[in-house]
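[1] Got a predicted structure plus its sequence, pasted below:
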Amino acid sequence: DGGITQSPKYLFRKEGQNVTLSCEQNLNHDAMYWYRQDPGQGLRLIYYSQIVNDFQKGDIAEGYSVSREKKESFPLTVTSAQKNPTAFYLCASSMGGLGPQHFGDGTRLSIL
Amino acid sequence: DAKTTQPPSMDCAEGRAANLPCNHSTISGNEYVYWYRQIHSQGPQYIIHGLKNNETNEMASLIITEDRKSSTLILPHATLRDTAVYYCIVRVGGGTSYGKLTFGQGTILTVHP
């Protein structure tokens, strides 16, 4: 079935450590997105990518980095510079900017 | 992007229609209305979207008023699995807001037996 796969479902990070969250889609969508959701809050955009080898900062990009080397993959690295990384991270994709966004099931990141 | 207003919570009996309202009085002519829902600890699920005509798909119907200042999402036969937070979002694509979805507080729909 077509969809978006995020892994792992749960991730634990030690202080000062970088971690990478995986996002893969087989929907042949051009655009991909990373959002962060905190308890009881809405989604905030971290980064987005319209095409391969191109990406743009969202509203809260500080402390995060991304790459888009393949159309189907958009990994997110949470660096040690992100001071409050504990959150629910959601990846999405769409066919163009107006197309409906389809989401993965998320990765829940916690700090040890 | 236009701001939306939704009731914080609604109840619905299983098997009945659930009608979820959304006000978006400052909507612009090029802004679409999108509906998503989120079940606890899962990613949001796209339901439906429209510009000015009413829309229907296998999940729901979207009714947009003629002046486009409000809309209603209709789940024709609600089931217990439809219990979720429902988000009404109004936005355009392109430019600095490319693709960004701004989620408000949404409506918590509880379907009971």
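    Cool, the structure landed.
[2] Could you report the neighbour count for B:Pro21?
    Residues lying near B:Pro21 (other Cβ atoms under 10 Å in any protein chain shown) number 15. The way it works is simple: take the backbone N, C-alpha and C, and place the C-beta from them, glycine included.
[3] quick one, what contacts it?
    B:6-7, B:70-72 (Cβ atoms under 8 Å, 6 or more residues apart in numbering or on different chains).
[4] Generate the PyMOL command that creates a selection of the buried members of the residues you listed.
    In PyMOL syntax, the buried subset of the contacts of B:Pro21 is picked out as below (16 or more other Cβ atoms under 10 Å in any protein chain shown):
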select buried, chain B and resi 6+70+71+72
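[5] As a markdown table, the contacts of B:Pro21 with pLDDT, secondary structure and distance to chain A would be great.
    Converted to a markdown table, the contacts of B:Pro21 look like this (pLDDT from 0 to 100; DSSP: H, G, I helix; E, B strand; the rest coil; distance: Cβ to the nearest Cβ, whole Å):
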| residue | pLDDT | secondary structure | distance to chain A |
| --- | --- | --- | --- |
| B:Gln6 | 96 | coil | 12 |
| B:Pro7 | 97 | coil | 16 |
| B:Ser70 | 96 | strand | 21 |
| B:Ser71 | 97 | strand | 16 |
| B:Thr72 | 98 | strand | 19 |
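[6] Looking at the contacts of B:Pro21, which is nearest A:Lys14?
    Nearest to A:Lys14 out of those is B:Gln6 (Cβ to Cβ; 39.9 Å).
[7] could you list every residue that touches that closest one?
    By Cβ under 8 Å, 6+ apart, the neighbours of B:Gln6 are B:20-23, B:86-88, B:104-107.
[8] So for it, what's the nearest residue that isn't a sequence neighbour?
    Ranked by Cβ to Cβ, 6 or more residues apart in numbering or on different chains and with sequence neighbours excluded, the top spatial neighbour of B:Gln6 is B:Thr107, at 4.6 Å.
[9] what sits against the one you found?
    Per Cβ under 8 Å, 6+ apart, neighbours of B:Thr107: B:6-10, B:20, B:85-86, B:88.
[10] at 7 Å instead, please
    Contacts for B:Thr107 (Cβ atoms under 7 Å, 6 or more residues apart in numbering or on different chains) come out as B:6-10, B:20, B:85-86.
[11] what does B:Ser71 give?
    Contacts of B:Ser71 (Cβ under 7 Å, 6+ apart): B:22, B:33, B:62-65, B:88.
[12] Among these, the buried ones, what's the PyMOL command?
    Typed into PyMOL, the line below selects the buried ones among those, using 16+ other Cβ under 10 Å:
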select buried, chain B and resi 22+33+62+63+64+88
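[13] so which of the contacts of B:Ser71 also contact chain A?
    By Cβ under 7 Å from any Cβ of the partner chain, no member of the contacts of B:Ser71 lies near chain A.
[14] now for the contacts of B:Ser71, which pair is the farthest apart?
    B:Thr65 and B:Cys88 (13.2 Å).
[15] Would you convert the contacts of B:Ser71 into TSV that also reports pLDDT?
    Putting the contacts of B:Ser71 into TSV (pLDDT from 0 to 100) gives the following:
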residue	pLDDT
B:Cys22	97
B:Val33	92
B:Leu62	98
B:Ile63	98
B:Ile64	97
B:Thr65	96
B:Cys88	95
